[in-house]
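J.: whatever this is, show me its structure:
(chains A and B)
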Amino acid sequence: GNSVTQMEGPVTLSEEAFLTINCTYTATGYPSLFWYVQYPGEGLQLLLKATKADDKGSNKGFEATYRKETTSFHLEKGSVQVSDSAVYFCALNAGNNRKLIWGLGTSLAVNP
Amino acid sequence: EPEVTQTPSHQVTQMGQEVILRCVPISNHLYFYWYRQILGQKVEFLVSFYNNEISEKSEIFDDQFSVERPDGSNFTLKIRSTKLEDSAMYFCASRMTGGNQPQHFGDGTRLSIL
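T.: Numbers count the residues shown, from 1 in each chain, chains lettered A, B, ... in the order given. The predicted structure follows:
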């Protein structure tokens, strides 16, 4: 079946630290992979996506590479800011209707 | 930038009552979805809707749930007889045609069943 596993949070970092949030998946077929972000009090916003193996998605300094050999899509950012504090969700789309299968979410707190 | 809008932002309802959650998807999108997130748990798929009919539903989406697109803009989720365990955040999403198109989400409706 299809599933997504994310590293558990919360993750607490100091400003300008390097961020990695691990995400691995199991899937049948050829899913696209996504990272969504939820800022406090807001909805789910697409952060980045990758549609095939070896694609790299990037946005706002965040990057993730679709690694088929390790079934991973780890999120990275070289220097986090306080404004990056949010919950980050890894997801894949599955099936003919491309429903999203979600990880549990990882809460990130960045301290000044 | 166009966005998905959901109303109300918070709904408090007595157990056994019917509730309707409303969504206005992005206007040129053709695929619509509802998801829910119970506090502390994963976001779960409920139902997808395309061409005026349900295209897929999960095990959660039983007879107490229904969806409707009553006009060209709204997409509603009805829960007929609410239970305590229906308390959750409900998210509506829409996307364009194309299997790799991302889904765009509303801010969600927090449903609290008393």
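J.: mind checking how far residue A:66 is from chain B?
T.: Distance, residue A:66 to chain B, by Cβ to the nearest Cβ, to the nearest Å: 12 Å. For the C-beta atoms, the positions are set from N, CA and C on the backbone; glycine is no exception.
J.: report the contact partners of that residue.
T.: By Cβ atoms under 8 Å, 6 or more residues apart in numbering or on different chains, the contact list for residue A:66 reads A:33, A:50, A:51, A:52, A:53, A:54, A:55, A:56, A:57, A:73.
J.: what's the neighbour count on residue A:32?
T.: When neighbours are defined as other Cβ atoms under 10 Å in any protein chain shown, residue A:32 has 21 of them.
J.: if we can go back for a sec, the contacts of residue A:66 also near chain B: which ones?
T.: Counting by Cβ under 8 Å from any Cβ of the partner chain, the subset of the contacts of residue A:66 that neighbours chain B consists of residue A:51.
J.: of all the contacts of residue A:66, which comes closest to chain B?
T.: Proximity of the contacts of residue A:66 to chain B (Cβ to the nearest Cβ) peaks at residue A:51, which lies at 4.4 Å.
J.: chain A contacts on chain B?
T.: Proximity of chain B to chain A, by Cβ under 8 Å from any Cβ, involves residues B:4, B:6, B:31, B:33, B:35, B:41-45, B:48, B:50, B:55-56, B:91, B:93, B:95, B:99-100, B:102-108.
J.: how about 7 Å then?
T.: Contact residues, chain B versus chain A (Cβ under 7 Å from any Cβ of the partner chain): B:33, B:42-43, B:45, B:48, B:55-56, B:91, B:99-100, B:102-108.
J.: out of these, which are buried?
T.: Buried residues within the residues of chain B next to chain A, counting neighbours by 16 or more other Cβ atoms under 10 Å in any protein chain shown: B:33, B:42-43, B:45, B:48, B:55-56, B:91, B:102-108.
J.: got the contact list for the residue in chain B that chain A sits nearest to?
T.: Here chain B gets closest to chain A at one residue, residue B:107, 3.6 Å apart by Cβ to the nearest Cβ. Residue B:107 makes contact with A:42, A:43, B:6, B:9, according to Cβ atoms under 7 Å, 6 or more residues apart in numbering or on different chains.
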